[in-house]
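[1] got a sequence here, can you model it:
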Amino acid sequence: MTPEDWPEVELIYRAGIDTGNATFETEAPAWDRFDATRLPHPRLVAEVDGAVAGWVAASPVSARPVYRGVVEHSIYIDPAAQGRGVGRALLEAFIAQAEAAGIWTIQSSIFPENEASLRLHRAAGFREVGRRERIAQATAGPYAGQWRDTILIERRSA
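    Model (predicted):
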């Protein structure tokens, strides 16, 4: 993922935000903020017919050296590309690059209503570690004012 990809990445991110089931974020950040909070590698985009169809990026979970191989990831697929294998291919490529970079645990929190994301991650070897009940209150979108649960998932390297 490069700054040149950002306009398309941002549109896909906004589409996810608009569903209310992808993130607690209420707006996509500017590229500089996004870039500063994500690891430079692995960070990928998937393209279909020359257009960005999805993206995946990771953030460190801690600055402590003991957690250097643990990341939290996000994956977003363009609504027009969903159900076409883009997410599976992107997530598999991300996992391979993460493991090559020495990452041993990839985790994420997913809304239980986001069944497609949960299925995608289970198929890629992620397991449910727990449910965070009423972890945060949505501030905008279709769930504004509602307390939301998230499912904590993780994938460990062999």
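[2] how about the most centrally placed residue in the chain, nearest residue that isn't a chain neighbour?
    Centroid-nearest residue in the chain: residue 74, 1.1 Å away (criterion: CA atoms, centre = their mean). Excluding the flanking residues, the one nearest residue 74 by CB to CB, 6 or more residues apart in numbering is residue 57, at 6.0 Å. Where you see a C-beta, it was placed from the backbone N, CA and C, and this is true even at glycine.
[3] any idea which element that neighbour lies in?
    Counting by DSSP states H and E, the element that carries residue 57 is strand 51-60.
[4] in its sheet, what does that strand sit against?
    Next to strand 51-60 in the sheet, as set by DSSP bridges, lie strand 44-48 (antiparallel), strand 70-77 (antiparallel).
[5] so what touches it?
    1, 5, 8-9, 12-13, 34, 37-39, 42-47, 67-68, 70-78, 80-81, 86-87, 90-91, 94, 98, 103, 106 (CB atoms under 8 Å, 6 or more residues apart in numbering).
[6] mind running it again at 6 Å?
    Strand 51-60 is contacted by residues 1, 5, 8-9, 37-39, 43-46, 71-78, 81, 86, 90, 94 when judged by CB atoms under 6 Å, 6 or more residues apart in numbering.
[7] pull out the buried members of these.
    1, 5, 8-9, 38, 43-46, 71-78, 81, 86, 90, 94 (16 or more other CB atoms under 10 Å).
[8] let's verify residue 63: helix, strand, or coil?
    coil (DSSP: H, G, I helix; E, B strand; the rest coil).
[9] which phi and psi values does it adopt?
    Note on residue 63: its backbone torsions stand at phi -90, psi -10 [degrees, to the nearest 10].
[10] mind pulling the model confidence for it?
    We have a pLDDT of 95 for residue 63.
[11] burial count for it?
    If you count neighbours by other CB atoms under 10 Å, residue 63 ends up with 7.
[12] same deal with residue 120?
    Neighbour tally, residue 120, other CB under 10 Å: 19.
[13] what helix or strand is it on?
    helix 115-123.
[14] and that helix, what does it pack against?
    Using 3 or more CB pairs under 6 Å, 6 or more residues apart in numbering; DSSP states H and E as the contact test, no helix or strand touches helix 115-123.
[15] C-alpha coordinates for that helix, CSV please?
    What follows is helix 115-123, C-alpha atoms only, in CSV (Å, rounded to 0.1, in the frame of the first residue of the first chain):
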residue,chain,number,x,y,z
GLU,A,115,-20.6,-12.7,10.0
ALA,A,116,-18.8,-12.5,6.6
SER,A,117,-15.6,-11.3,8.4
LEU,A,118,-15.9,-14.0,11.1
ARG,A,119,-16.3,-16.7,8.4
LEU,A,120,-13.3,-15.4,6.4
HIS,A,121,-11.1,-15.4,9.5
ARG,A,122,-12.1,-18.8,10.7
ALA,A,123,-11.4,-20.2,7.2
